[in-house]
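Visitor: Starting from these lines, generate the structure:
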Amino acid sequence: MTKRAAALCGAAAVVAGMITSIPADASAGSATAPRTTQTAKLTWKKCGTSNYPTLQCASLKVPLDHSHPYGKRITLALSRVPHTAKTYQGPLLVNPGGPGGSGLNLAGFVASSLPKKVAAQYDVIGFDPRGVGASKPALDCKPGHFNPVRPDSVPTTWAIEKANLDRAKAFAKACGKKYASLLPYIDTVSAVQDMDSIRSALGAKKINYFGYSYGTYLGAVYAKLHPNRVRRLVLDSIVDPTGVWYDDNIGQDYAFNDRHLAFLAWVAKHNATYKLGTDPAKVEAKWYAMRAALAKKPAQKKVGASELEDTFIPGGYYNGYWPYLAEAFAAYVNDKNSDPLLAAYKKFGAVDASGDNGYSIYTSVQCRDTSWPRDWNQWRKDNWAVYDKAPFMAWNNAWYNAPCAFWPTDSLQPVNVSNDALPPTLLFQATNDAATPYEGGVTVHHQLRGSSLVVEQGGGNHGITLSGNACLDKHLAAYLTNGKVPHSGGEVDAVCKTLPDPEPLTTKKASTASRGSALHGLLGFRG
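Guide: Numbers count the residues shown, from 1 in each chain. Predicted coordinates for the structure are as follows:
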């Protein structure tokens with residue numbers, strides 16, 4: 001579940017053709033889905049970028065409340081790379097996760113990263129979910145919420161804990177005051193009904209869907225509510241739907257701690273470059289000593305302890321960032337030079353306006369989707385227990401989600417995504433994924449009858465297809481070509497070896513891994 005839609009989220013301002021429409025008939029497949037009608041068609045306009053020159057854009061008006069289709073409406077921003085082949089397999093909706101991630105540029109990435117013969121058979125459709133990016137209105141509850149320097153995330157004193165609690169309460173209060181009429185309708189099920197409105201506006205009886213991270217939950221919920229409208233379904237880096245969202249976040253903490261230790265071991269392996277020692281435990285001690293020093297004196301009045309965590313957490317999503325993080329780490333410890341650390345913070349940790357928007361949607365969706373503990377004593381107990389075993393991200397993640405303890409809307413019930421009414425579906429999961437731990441992929445594999453699970457053995461990145469692993473991409477391309485999935489009869493249907501870890505930037509083997517970097521820039525962090 002990417003949770004920080006930060007500067008690398010890849011969202012771009014989009015000039016879109018406006019269109020007024022009534023949403024699609026969303027009743028099929030669910031007794032609870034509202035019955036509405038769709039009458040208008042989309043008007044597409046060119047909006048290509050240097051990276052994705054064939055992109056087109058449109059917009060679609062949908063009901064704020066799908067149970068009242070003729071009431072207030074909001075606008076969704078859409079993007080498209082149109083099919084070019086004679087063989088047309090329909091629309092392929094793509095989503096980068098979040099919740100809060102913009103999907104407009106993801107359409108261009110997916111269309112350009114799939115084999116040309118495969119991509120040419122689909123209209124690849126990106127969209128900014130309700131409240132996100134170029135969709136209107138776009139939420140920004142409290143601009144500058146992540147401005148440095150924030151209180152230390154680890155509440156070793158009551159003063160620190162109160163400072164963090166006050167920030168969380170202030171954010172929730174600001175959202176409630178600014179968007180009281182919108183927050184009851186910012187949730188996964190509402191976004192799913194928007195997707196069905198998109199389907200209808202495209203004139204398609206069924207959609208193909210490809211989602212990463214939180215986008216896997218979005219896709220699974222769509223499939224639950226509209227099983228007869230799913231043609232093909234690809235889920236990559238899979239949310240555990242049985243833990244949304246409090247338990248899933250606690251599960252992340254342990255997995256991110258393991259991934260951080262893997263990074264530190266990698267630094268130790270490359271001691272010739274970084275000169276931080278060959279013993280991973282001693283390298284870890286130096287990292288925490290750096291954290292303690294920054295807690296007392298933030299680097300250039302910008303990077304304190306919490307900002308340091310923000311900077312290094314993205315390394316748990318994608319190991320392509322490790323060389324940059326290691327250089328910043330080494331420069332600070334060995335040379336007392338904080339310039340590379342500040343540069344790394346600006347690149348990986350700092351939150352701009354699009355990040356403020358992404359976080360506003362992240363909290364709005366997750367806090368509304370399901371109930372959270374309202375007693376802060378429960379959070380305190382649970383997160384200190386996690387911190388004792390997995391300190392790296394425990395409290396940082398707790399404060400990231402803490403507004404949910406004070407959220408101004410009532411909560412919904414999680415959707416049981418179990419499904420035996422789907423065509424064959426294809427699931428991808430890395431064994432060491434931190435953001436969506438491996439167990440989530442196995443759980444969904446069991447819940448979606450007839451699904452196939454492809455595993456990247458030893459992989460630790462979050463978002464693994466179209467990121468340079470030819471074995472994984474071969475399964476993806478085959479499925480999108482003819483609907484065929486691997487079946488082994490066992491717990492896992494196919495296994496691919498992970499890609500090698502990166503090399504330091506100074507070595508001849510160093511690679512920018514452009515495809516992986518491009519994908520993870522679009523997926524964002526804390527997602």
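
Visitor: From the contact counts, what lies against the helix or strand containing Ser79?
Guide: Applying DSSP states H and E as the criterion places Ser79 in strand 73-81. Judged by 3 or more Cβ pairs under 8 Å, 6 or more residues apart in numbering; DSSP states H and E, strand 73-81 is in contact with strand 56-63, helix 104-113, strand 123-128, helix 188-201. In short, each C-beta sits where N, CA and C put it, glycine included.

Visitor: Whatever helix or strand comes next after that strand pairs with which strands, and in what direction?
Guide: Next along the chain after strand 73-81, taking DSSP H and E as the criterion, comes strand 91-95. If you go by DSSP bridges, strand 91-95 pairs up with strand 123-128 (parallel), strand 207-212 (parallel).

Visitor: Looking at those, spot the one closest to Ala168.
Guide: Among the strands paired with strand 91-95, strand 123-128 comes nearest to Ala168, with 26.1 Å by Cβ to Cβ.

Visitor: averaged over its residues, what pLDDT does whichever helix or strand comes after the closest one have?
Guide: Sequence order places helix 158-178 as the next helix or strand after strand 123-128, per DSSP H and E. Averaging pLDDT along helix 158-178 gives 98.

Visitor: ok, so what distance separates Pro151 from Trp395?
Guide: Using Cβ to Cβ, to the nearest Å, Pro151 is found at 10 Å from Trp395.

Visitor: Have a look at the two and say which one is more surrounded.
Guide: Trp395 (26 against 20; other Cβ atoms under 10 Å).

Visitor: Going C-terminal from the longest helix along the chain, what's the next secondary structure element?
Guide: In the chain, assigned by DSSP state H, the helix with the most residues is helix 246-269. Next along the chain after helix 246-269, taking DSSP H and E as the criterion, comes helix 271-274.

Visitor: Can you tell me what sits against that next one?
Guide: Val267, Gly277, Thr278, Ala326, Glu327, Phe329, Ala330, Pro504, Thr506, Thr507 (Cβ atoms under 8 Å, 6 or more residues apart in numbering).

Visitor: now that helix, how far from the centre of its chain.
Guide: Distance of helix 271-274 from its chain centroid, counting by Cα atoms, centre = their mean, to the nearest Å, is 32 Å.

Visitor: pLDDT at the nearest residue to Ala107 once chain neighbours are set aside, what is it?
Guide: For Ala107, the nearest residue in space outside its immediate sequence neighbours is Gly126; the separation is 3.1 Å by Cβ to Cβ, 6 or more residues apart in numbering. Turning to Gly126, the model gives it a pLDDT of 98.

Visitor: got it, and Lys41?
Guide: With respect to pLDDT, Lys41 has a value of 83.

Visitor: hmm, back to that, just send the strands paired with strand 91-95 back as CSV, with distance to Gly100 and mean neighbour count too.
Guide: CSV is the format used below for the strands paired with strand 91-95 (distance: least, Cβ to Cβ, whole Å; neighbours: other Cβ atoms under 10 Å):
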stretch, distance to Gly100, mean neighbour count
strand 123-128, 10, 28
strand 207-212, 13, 28
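
Visitor: now for those strands, which one comes closest to Leu42?
Guide: With Cβ to Cβ, the closest approach to Leu42 among the strands paired with strand 91-95 belongs to strand 123-128: 9.8 Å.

Visitor: Just the CA trace of the closest one, in PDB.
Guide: C-alpha atoms of strand 123-128 as PDB (Å, rounded to 0.1, in the frame of the first residue of the first chain):
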ATOM      1  CA  ASP A 123      -6.800   1.200 -24.700                       C
ATOM      2  CA  VAL A 124      -4.700   1.700 -21.600                       C
ATOM      3  CA  ILE A 125      -6.700   3.900 -19.200                       C
ATOM      4  CA  GLY A 126      -5.300   5.900 -16.300                       C
ATOM      5  CA  PHE A 127      -7.300   7.800 -13.900                       C
ATOM      6  CA  ASP A 128      -7.000  10.000 -10.800                       C
END
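
Visitor: Quick one: residues in contact with that strand.
Guide: Identification of contacts with strand 123-128 by Cβ under 8 Å, 6+ apart yields 11, 14, 76-83, 88, 90-95, 102-108, 110-111, 134-135, 194-195, 198, 202.

Visitor: Then stretch 243-253?
Guide: Applying Cβ under 8 Å, 6+ apart, the contact partners of stretch 243-253 are 1, 217, 239-240, 366, 369-370, 372-373, 382-383, 386, 390, 392-394, 397-398, 401, 404, 414, 434-435, 437, 439-440.

Visitor: Flag every buried residue along it.
Guide: Judged by neighbour count using 16 or more other Cβ atoms under 10 Å, the buried positions of stretch 243-253 are Gly243, Val244, Trp245, Tyr246, Asp248, Asn249, Ile250, Gly251, Gln252, Asp253.

Visitor: Same list (the residues you listed) but as TSV, adding pLDDT and distance to Asp65.
Guide: Formatted as TSV, those follow (pLDDT from 0 to 100; distance: Cβ to Cβ, whole Å):
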residue	pLDDT	distance to Asp65
Gly243	97	28
Val244	97	22
Trp245	98	22
Tyr246	98	26
Asp248	98	27
Asn249	97	28
Ile250	97	32
Gly251	97	33
Gln252	97	32
Asp253	98	35
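
Visitor: which two of these lie the greatest distance from each other?
Guide: Spanning the widest gap among those are Val244 and Asp253, at 15.7 Å by Cβ to Cβ.

Visitor: Any idea how far the longest helix of the chain is from the middle of the chain?
Guide: Its chain's C-alpha centre and that of helix 246-269 lie 17 Å apart, by Cα atoms, centre = their mean.

Visitor: secondary structure element for the nearest residue to Val132 once chain neighbours are set aside?
Guide: Nearest residue to Val132 in three dimensions, chain neighbours excluded: Ile361, at 5.3 Å (Cβ to Cβ, 6+ apart). Ile361 is part of helix 353-369, with elements assigned from DSSP H and E.

Visitor: Check which helices and strands that helix sits against.
Guide: Judged by 3+ Cβ pairs under 8 Å, 6+ apart, the packing partners of helix 353-369 are strand 3-4, helix 158-178, helix 188-201.

Visitor: mean confidence for the first one?
Guide: Spelled out, it's strand 3-4. Mean predicted confidence for strand 3-4 is 39.

Visitor: name the helices or strands packed onto the following helix or strand past it?
Guide: Toward the C-terminus, strand 3-4 is succeeded by strand 45-46 as the next helix or strand (DSSP H and E). Packing partners of strand 45-46 (3+ Cβ pairs under 8 Å, 6+ apart): strand 56-63.
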